[in-house]
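A.B. asks: what's the 3D shape of this:
(2 chains, ligands or ions: 2)
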Amino acid sequence: MIRLEGLQVTFARGTPLETPALRGLDLTIGAGEFVTVIGSNGAGKSTLLNAVSGEVIPDAGRVLVDETDVTRWPAARRAGRVARVFQDPVAGSCAELTLEENLALAHARGRRRGLRRALGGARRDLFRERLAELGLGLEARLSERMDRLSGGQRQAVSLLMATLQPSRVLLLDEHTAALDPRTAEMVLDLTRRVVEEHRLTTLMVTHSMRQALAAGSRTLMLHEGRIALDVSGGERAGLAVPDLVALFAQARHQALDDDSLLLG
Amino acid sequence: MSLIALLGAVETGLLFGLVALGIFLSFRVLQFPDLTVDGSFPLGAAVAATLIVSGWNPWLATLAALLAGAAAGLVTAWLNVRLGILHLLASILTMIALYSVNLRIMGRPNISLLMEPTVFTPLEALPLPGYVRLPLVLLGVVLLVKWLLDRFLASERGLAMRATGMNPRMARAQGIGTGAAVLAGMALSNALVGLAGALFAQSQGSADVTMGVGVIVVGLAAVIGGEALLPPRTLFWATLGCLVGSVVYRLAVALALNADFIGLKAQDLNLITAVLVVAALLLPGMRRSTRALFSRGGEG
Ligand SMILES: Nc1ncnc2c1ncn2[C@@H]1O[C@H](COP(=O)(O)OP(=O)(O)OP(=O)(O)O)[C@@H](O)[C@H]1O
Ligand SMILES: [Mg+2]
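C.D. replies: Numbering: from 1, shown residues only, chains lettered A, B, ... in the order given. Ligands and ions are numbered 1, 2, ... in the order given. The predicted structure follows:
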């Protein structure tokens, strides 16, 4: 599970460009819960994920993963519990390394890396087996460079990399945004399968309202660094995309009104 | 050109092949443009020569030189990783500081090793003339180092180092401590350069504080030249290219200096090398990644 308490992140603090990205955010996500996150550009979605992964260290507040306080842990140390897939298919892997080398990097996530061969032993067999499960024919392309794969193939591999080692939390930041609709659907199906199979506590950021409702069991809307909407269960089941859009607009106006109240 | 001059060039080329491997590690693997080598090369020579003259076993002295080189690399990496100083500047600071350090270590600008035992002394038992013996032995040493480096870069830890250079954000997400990887890689890189300096001093019979000038450019020329001669499709070819580039560079220099009609003198070497590196960078066939790396200081 993930628990965030009073999380505050401010970029360029003390300069004219000071940007509050998260303003005291509280959130608890139960173990195995699949949460989708929406919100306009700059709402703080990526920053939220970065705070959980450790790429961003908050100014105030706490980050707990499975009841362990990881607030001060650097990203590399959290990697044993937190796996992630980036928006940019290029960002999640090393383009100049081969497919099997990338998988080997992920295979050692959260373990001590030693001097034994990264591709030694039965690893290749394991990689081939896991790639075959994707159903993309990638098991025949182990020694090809990563940049030979298409964006969708790379995102599928990124998902596989995120699950080669057991972890507790999966962070997905618009991981289908760079893909064409059909490939996006394929990657989303794969995501559901992976999350279910490994019972991962998942946070998925998306700009697609349809995706936000179709995947997972709970939807959050972020606005100006706070949670403006949090729906789950029956309430969410009854929502269609237009309802969510309406709620989205409503929450934003609500936030505007709150601000003007404060200012007034 | 005489056979002796030819083999002399090969010998120097092989020694600088170690420097090229070190530079490959910093510039290419870690994408860390590192000028420390101009200081860590004479540092290796200074440490080895000083210890040998004071009666140390030459093997131990050479090992000490290697460790001194590693320490120099660590300082540069530490300035960059922990203090956040730009990598290029961090390495220049270390290089400048090492000039003073080297003088302190040697206590004078030059130490002669002509009358001293060196790691090459036991080889005199071999029934070969000196100018054949040394290149032959160095070939073995350099190939061994290349093999060890290849093996390391194929290990879990080595792969983590490569990922750190290519995509640090991804590396961290895979649990790799990128700061530690840079520290280790820079130590290894400059250890190789320190080793080269120690062996160079022993093969030349002296150490000199000024012997580091231009080492970085010569090493770069070897790395870039090697990439042009042997396209680095895999690690094996990339490191082999460094060695081939280094030997070919020395041979080309020896030939050019030998051809009297060109009128070149030894002191023109650094200028010519710099021009050659620029030419190699501008070559149309040059791989884009290589060019971006060397022409923009490895940013991004
Ligand atoms: N590294 C950074 N330096 C300075 N400001 C930043 C940085 N990262 C994010 N910000 C700012 O913080 C705010 C929140 O950004 P964030 O990336 O979390 O938004 P987002 O919800 O992911 O938006 P998008 O939908 O566009 O991806 C924005 O105003 C952004 O400009
Ligand atoms: Mg974002």
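A.B. asks: quick one: contacts for residue 209?
C.D. replies: No chain specified, so I'll use chain A. A:38, A:241, A:244-245, A:248 (Cβ atoms under 8 Å, 6 or more residues apart in numbering or on different chains). Every residue, glycine included, has its C-beta placed from N, CA and C.
A.B. asks: wrong one, I was asking about chain B
C.D. replies: Going by Cβ under 8 Å, 6+ apart, B:Val209 touches B:42, B:46, B:99, B:102-103, B:106, B:109-110.
A.B. asks: go again with 10 Å.
C.D. replies: B:42-43, B:45-46, B:98-100, B:102-103, B:105-106, B:108-111 (Cβ atoms under 10 Å, 6 or more residues apart in numbering or on different chains).
A.B. asks: on that earlier part again, among the contacts of A:Met209, which are in helices?
C.D. replies: Judged by DSSP state H, the contacts of A:Met209 include A:241, A:244-245, A:248 as members of helices.
A.B. asks: from those residues, list the buried ones, please.
C.D. replies: Buried members of those, scored by 16 or more other Cβ atoms under 10 Å in any protein chain shown, are A:244, A:248.
A.B. asks: closest to ligand 1 out of the ones in helices among the contacts of A:Met209?
C.D. replies: Nearest to ligand 1 among the ones in helices among the contacts of A:Met209 is A:Phe248, at 13.2 Å by Cβ to the nearest ligand atom.
A.B. asks: dump the residue contacts of the closest one.
C.D. replies: Residues near A:Phe248 by Cβ under 10 Å, 6+ apart: A:38-40, A:209, A:212, A:221, A:223, A:228-229.
A.B. asks: from these, which is closest to ligand 1?
C.D. replies: For the contacts of A:Phe248, the nearest to ligand 1 is A:Gly39 (5.4 Å; Cβ to the nearest ligand atom).
A.B. asks: what does the closest one show for phi and psi?
C.D. replies: Reported as degrees, to the nearest 10, the phi and psi values for A:Gly39 are phi 150, psi 150.
A.B. asks: residue contacts, it?
C.D. replies: So A:Gly39 contacts A:45, A:48, A:205-207, A:220-229, A:248, A:251-252 (Cβ under 10 Å, 6+ apart).
A.B. asks: of those residues, grab the buried ones for ChimeraX.
C.D. replies: Buried residues within the contacts of A:Gly39, by 16+ other Cβ under 10 Å, are selected in ChimeraX with:
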select /A:45,48,205,206,220,221,222,223,224,225,226,227,228,229,248,251,252
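A.B. asks: now intersect the contacts of A:Gly39 with the strands, please.
C.D. replies: A:205, A:220-223, A:226-229 (DSSP state E).
A.B. asks: I'd like the residues you listed laid out as TSV, including distance to B:Pro127.
C.D. replies: Formatted as TSV, the ones in strands among the contacts of A:Gly39 follow (distance: Cβ to Cβ, whole Å):
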residue	distance to B:Pro127
A:Val205	73
A:Leu220	81
A:Met221	84
A:Leu222	79
A:His223	84
A:Arg226	83
A:Ile227	83
A:Ala228	86
A:Leu229	87
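A.B. asks: I'd like to know which elements the helix or strand encompassing A:Gly6 is packed against.
C.D. replies: A:Gly6 is part of strand A:2-11 when elements are defined by DSSP states H and E. On a contact count with 3 or more Cβ pairs under 10 Å, 6 or more residues apart in numbering or on different chains; DSSP states H and E, strand A:2-11 meets strand A:19-29, helix A:45-53, strand A:60-65, strand A:201-205.
A.B. asks: quick one: strands adjacent to the first one?
C.D. replies: Read that as strand A:19-29. strand A:2-11 (antiparallel) (DSSP bridges).
A.B. asks: got the buried residues for the partner strand?
C.D. replies: A:2-5, A:7-10.
A.B. asks: about what we covered before: which of the contacts of B:Val209 sits closest to B:Leu14?
C.D. replies: Nearest to B:Leu14 among the contacts of B:Val209, counting by Cβ to Cβ, is B:Ala45 at 16.3 Å.
A.B. asks: look up how far chain A lies from the closest one.
C.D. replies: 30 Å (Cβ to the nearest Cβ, to the nearest Å).
A.B. asks: coming back round to it: the buried residues of strand A:2-11 also near ligand 1: which ones?
C.D. replies: Near ligand 1, judged by Cβ under 6 Å from any ligand atom, there are no entries from the buried residues of strand A:2-11.
A.B. asks: quick one, phi/psi of B:Val75?
C.D. replies: Dihedral angles for B:Val75 - degrees, to the nearest 10 - are phi -60, psi -50.
A.B. asks: can you tell me the helix or strand for the nearest residue to it once chain neighbours are set aside?
C.D. replies: Sequence neighbours aside, B:Thr94 is the residue nearest to B:Val75 in space, at 5.1 Å (criterion: Cβ to Cβ, 6 or more residues apart in numbering or on different chains). Following DSSP H and E, the helix or strand that holds B:Thr94 is helix B:87-106.
A.B. asks: check which helices and strands that helix is in contact with.
C.D. replies: Helix B:87-106 sits against helix B:37-53, helix B:58-81, helix B:178-204, strand B:206-208, helix B:215-229, with contacts defined as 3+ Cβ pairs under 10 Å, 6+ apart.
A.B. asks: and the residue of the stretch 151-300 of chain B at minimum distance from chain A, helix, strand or coil?
C.D. replies: As assessed by Cβ to the nearest Cβ, chain A sits closest to B:Gly175 within the stretch 151-300 of chain B, at 3.2 Å. Secondary structure of B:Gly175, reduced to three states by DSSP: H, G, I helix; E, B strand; the rest coil: coil.
A.B. asks: ok, the residue lying closest to A:Glu18 once chain neighbours are set aside to A:Leu222 distance?
C.D. replies: Of all residues not flanking A:Glu18 in the chain, A:Ala12 sits nearest, at 5.3 Å (Cβ to Cβ, 6+ apart). For A:Ala12, the distance to A:Leu222 under the criterion Cβ to Cβ, to the nearest Å works out to 20 Å.
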